[in-house]
Structure formats: structure tokens, C-alpha cells
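J.: okay, sequence plus prediction incoming.
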Amino acid sequence: MTDVRIVYRKYGGALHWNHPGRLLGEDEHGVWVDVPGGTVARKGDGPPITWEATAIMLFPRDAWWTASFNSPPHRSEIYVDVTTVPEWRDGEVTMLDLDLDVIRMRDGRLILDDEDEFAEHQALLGYTPELITKAEATAHWLMDAVGHRKEPFGSAHLEWLAMTS
């Protein structure tokens with residue numbers, strides 16, 4: 001498998017979450033990447049954090065989100081970041097994290113997270129009206145798609161997860 005670097009930035013370019021992964025392949029939903037348990041990540045230039053559970057990440061080709069499908073014992077089943085469209089260049093995928101997250105917990109609860117951070121960053125980081133509208137529309141769409149288990153938020157990730165065991 002090919003190694004890739006996953007780099008989230010905040011609006012304005014500040015480094016956010018960043019970590020390695022291994023390219024699994026592509027399908028109609030986008031590019032799938034394995035982030036095995038034991039992966040060391042950093043939030044910005046902060047201290048290293050070791051992720052215990054394996055995650056399969058999906059980077060769509062033309063949508064404003066990225067998704068992590070987490071294996072147990074992670075508390076969330078699916079964690080979707082509202083982002084700009086992921087861009088691939090020289091073994092690295094980069095996108096801007098736009099604060100809003102849609103999370104499906106293992107018990108089925110659906111959460112729209114970080115609305116406060118999104119509101120704060122609109123002023124602090126100078127989000128454009130177009131960016132705000134697109135992020136809000138994406139979060140609304142994700143709440144429906146993830147909540148109703150519409151693909152790729154149903155079982156599409158299972159075949160990719162099986163490749164990692």
C-alpha cells in the first residue's frame with residue numbers, strides 16, 4: 001500500500017490535524033485510506049497523540065467533507081468533518097477544516113458538533129458568506145445522509161475495513 005500524508009488546515013492556512021495513512025483504493029464514493037490503530041497524529045504543532053482504534057477515511061472527489069469510519073472501541077462509528085473539497089498533491093491530501101462535524105455514535109445518536117466554534121470562526125477567521133452558506137448546507141445534507149445511513153454512510157466502508165485486518 002502507498003503511504004499518504006493527511007493534512008487538515010484551518011481557514012487562513014494554520015496547520016490543524018495531520019497524520020499518515022495508507023492508500024487502500026478508490027470507488028464511486030472517493031479515495032479510501034487506512035489509518036491503523038497506533039497511528040501518531042498531531043493537532044497543529046502540538047504533542048503527538050497515538051490513536052488506538054483503526055479508522056478508514058474517505059476523501060470524496062468533489063464534496064465538502066471528509067469521513068472517518070472508526071472501528072471499536074472508538075465511541076463514534078462515523079465522524080464527518082465539514083471541509084473544503086480535498087486536494088491531492090504529491091502523496092498528500094489537504095483540506096480546510098470548517099469546524100462543523102457530524103458524528104454518529106455507536107448507540108445511534110446523531111450529533112452536529114462545534115456549531116459554537118463555527119460561529120466564532122466566522123468573525124475571527126473572516127469566513128466569506130459563500131463559505132458559510134456552503135458549510136451550513138453541507139452539514140444539513142450530512143445530518144440527513146449519515147442519520148439515514150445513505151451511502152457512503154451505510155456499509156460502503158466495510159469492504160475497505162476488511163482489507164486492513
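T.: Good, I have the coordinates.
J.: rest of the way, CA atoms for contacts and neighbours
T.: Will do.
J.: may I see the buried residues of stretch 10-23?
T.: The neighbour-count check on stretch 10-23 (16 or more other Cα atoms under 10 Å) flags 10, 11, 15, 16, 17, 18, 19, 20, 21, 22, 23 as buried.
J.: go through the residues you listed and name the one nearest residue 137.
T.: Comparing the buried residues of stretch 10-23 against residue 137 with Cα to Cα places residue 11 closest, at 17.7 Å.
J.: beyond the host helix or strand of residue 33, next helix or strand please.
T.: Residue 33 belongs to strand 30-35 when assigned by DSSP states H and E. Toward the C-terminus, strand 30-35 is succeeded by strand 39-43 as the next helix or strand (DSSP H and E).
J.: how far does that next one sit from its chain's centre?
T.: Here strand 39-43 shows a centroid-to-chain-centroid distance of 14 Å under the convention Cα atoms, centre = their mean, to the nearest Å.
J.: elements contacting that strand?
T.: With contacts defined as 3 or more Cα pairs under 8 Å, 6 or more residues apart in numbering; DSSP states H and E, the packing partners of strand 39-43 are strand 15-27, strand 49-51.
J.: contact partners of that strand?
T.: With Cα atoms under 8 Å, 6 or more residues apart in numbering as the contact definition, strand 39-43 has outside contacts at 15, 16, 17, 18, 19, 20, 48, 49, 50, 51, 52.
J.: hang on, the last one packs against residue 37?
T.: Yes. In terms of Cα atoms under 8 Å, residue 52 counts as a neighbour of residue 37; the distance is 4.6 Å.
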